[in-house]
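Trainee: Task: produce atomic coordinates for the following.
(chains A and B)
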There are 2 protein chains.
Amino acid sequence: MDRSIGGLEAAGEWHVLRSLIPELRDKNVLDLGCGYGWHCRYAREQQARSVVGIDLSEKMISRAKEYNDDSAIDYRQLAIEDIDFGAGEFDVAISSLALHYVERFDIVCRKIYHCLSPGGSFVLSVEHPIFTALAAQDWYYGSQGERLHWPVDDYQIEGQRMTRFLDHGVVKYHRTIATLVNALIESGFMITKLSEPQPTQEILAKHPEMRDETRRPIFLLIAAVKG
Amino acid sequence: MDRSIGGLEAAGEWHVLRSLIPELRDKNVLDLGCGYGWHCRYAREQQARSVVGIDLSEKMISRAKEYNDDSAIDYRQLAIEDIDFGAGEFDVAISSLALHYVERFDIVCRKIYHCLSPGGSFVLSVEHPIFTALAAQDWYYGSQGERLHWPVDDYQIEGQRMTRFLDHGVVKYHRTIATLVNALIESGFMITKLSEPQPTQEILAKHPEMRDETRRPIFLLIAAVKG
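Mentor: All right, here's what the predicted structure looks like:
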């Protein structure tokens, strides 16, 4: 789970991510970057047989065990890049707003392809390449402090972005849309859907400040299957 | 072919488009929005058996017949939306910078799927959704006239954009990346590659002004096959 996105945006992303996940009943599920374990718990609510949740953060893994304890969920403190599961161990892999922290998306795609069963699904979300291109990750403001537009620059220059969150630096990796999609295809995945979520009319009615979320894409979600 | 992009950018787009097109020897090729017929001629140079080139512009079709005359190329003045070819008539469909002028991309995808043979290819390029989001289609400039960044706004608001080219208005249709890719998938296509071209080092060395083309994506190319 991302640590620098507002709650409402994250709620919208969860809603869309879950709409892309196939039926989970009796499935073995892998959650890459599980954070506090909310998606792991959701998978079990959907009758998943077993769930492995991994996250680099010791604090998050220990909180996940506390908040979403379940003997069928195996939480492990591990970097996404370091997964080393056997062939076909999982039916579904999910990753919510974690892979833009990972330097080698291509390697991760190959590892996930390996550990999925034939026909298995990989559903992921990342901060949108339009959102990660500039490290500032902020609107361009007018003289009255109004949001004029979303600035894009250095789009084709992939790699590290030193972003700020609260009072500390956070390294993210910017990749183009083509790089993300092609890495999945080159690993053997078939793309089944893309999503660039925006607030529903219902959300906009309740939270007019979410109007700006129609102005630029903030997340990119990709659903893919192992052919 | 687009009428509002500079020659160098267009040359780069052609180069990448052609790299995505499969072997054309003995193939029946359809070129949607053929303009002056340069891609039709290229297909014949690659030993395509037959080529149908369509374009809405009477002037372009008549110039195409003049510049790239060939008895195996059939030029027709026709809107892309109005194609009505039989099932499996073509092996390869290409469309270079034309489909952002078409209102119903979804219908066109279904029609192209229908007229391709099994395993047939569809390779298309459009102005990038980041480029079409704002009708101004221009950089955001600083007080010294310098290009500060590329402004994005109204990304999620799909539909008509009244753009200017020389002294007349041109209607384009903005669609999100997800809409473009999902329309192809929903028509039955399998996505095989995306490309967001940028100038090569060689081009940058010769034409330093092309440096700005690394700052935001200008074109989106998609290669897909009929599964």
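
Trainee: pretty sure A:Glu66 belongs to a strand, no?
Mentor: No: under the criterion used here (DSSP: H, G, I helix; E, B strand; the rest coil), A:Glu66 is helix, not part of a strand.

Trainee: Show me what A:Phe90 bridges to in the sheet.
Mentor: For A:Phe90, the beta-bridge partners are A:Leu116 (DSSP bridges).

Trainee: What ranges does chain A have for its helices?
Mentor: Taking DSSP state H as the criterion, chain A contains helices spanning A:7-20, A:38-45, A:58-67, A:105-115, A:129-132, A:177-187, A:201-206.

Trainee: tell me which strands and helices the fourth one is in contact with?
Mentor: For helix A:105-115, the contact count by 3 or more C-beta pairs under 8 Å, 6 or more residues apart in numbering or on different chains; DSSP states H and E identifies strand A:28-32, strand A:90-96, strand A:116-127, helix A:177-187 as packing neighbours. For glycine as for every other residue, the C-beta is placed from the backbone atoms N, C-alpha and C.

Trainee: again, 6 Å this time
Mentor: Taking 3 or more C-beta pairs under 6 Å, 6 or more residues apart in numbering or on different chains; DSSP states H and E as contact, the helices and strands that helix A:105-115 lies on are helix A:177-187.

Trainee: quick one, the helix it packs on and strand A:116-127 angle?
Mentor: 170 degrees (axes from the mean of the first three to the mean of the last three C-alpha atoms, to 10 degrees).

Trainee: Around chain B, which positions in chain A sit nearby?
Mentor: Residues of chain A lying near chain B by C-beta under 6 Å from any C-beta of the partner chain: A:149-153, A:155-156, A:176, A:178, A:181-182, A:191, A:193-196, A:198, A:214-217.

Trainee: Narrow those residues to those in strands?
Mentor: With DSSP state E as the criterion, strands contain A:His149, A:Trp150, A:Pro151, A:Val152, A:Ile191, A:Lys193, A:Leu194, A:Ser195 from among those.

Trainee: hang on, the earlier thing: between the helices of chain A, which one is closest to A:Met162.
Mentor: Nearest of these to A:Met162, taken as C-beta to C-beta: helix A:129-132 at 11.7 Å.

Trainee: Please export the C-alpha coordinates of the closest one as PDB.
Mentor: C-alpha atoms of helix A:129-132 as PDB (Å, rounded to 0.1, in the frame of the first residue of the first chain):
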ATOM      1  CA  PRO A 129       3.500   7.300 -15.100                       C
ATOM      2  CA  ILE A 130       2.000  10.800 -15.600                       C
ATOM      3  CA  PHE A 131       2.100  11.100 -11.800                       C
ATOM      4  CA  THR A 132       5.600   9.800 -11.300                       C
END
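
Trainee: What lies in contact with that helix?
Mentor: The contact list for helix A:129-132, computed with C-beta atoms under 6 Å, 6 or more residues apart in numbering or on different chains, reads A:His100, A:Val152, A:Lys172, A:His174, A:Thr176, A:Ile177, A:Arg216, A:Pro217, A:Ile218.

Trainee: same thing but at 8 Å, please
Mentor: With C-beta atoms under 8 Å, 6 or more residues apart in numbering or on different chains as the test, helix A:129-132 has contacts from A:100, A:126, A:137, A:150, A:152, A:155, A:161, A:172-177, A:180, A:216-220, B:130, B:152, B:155.
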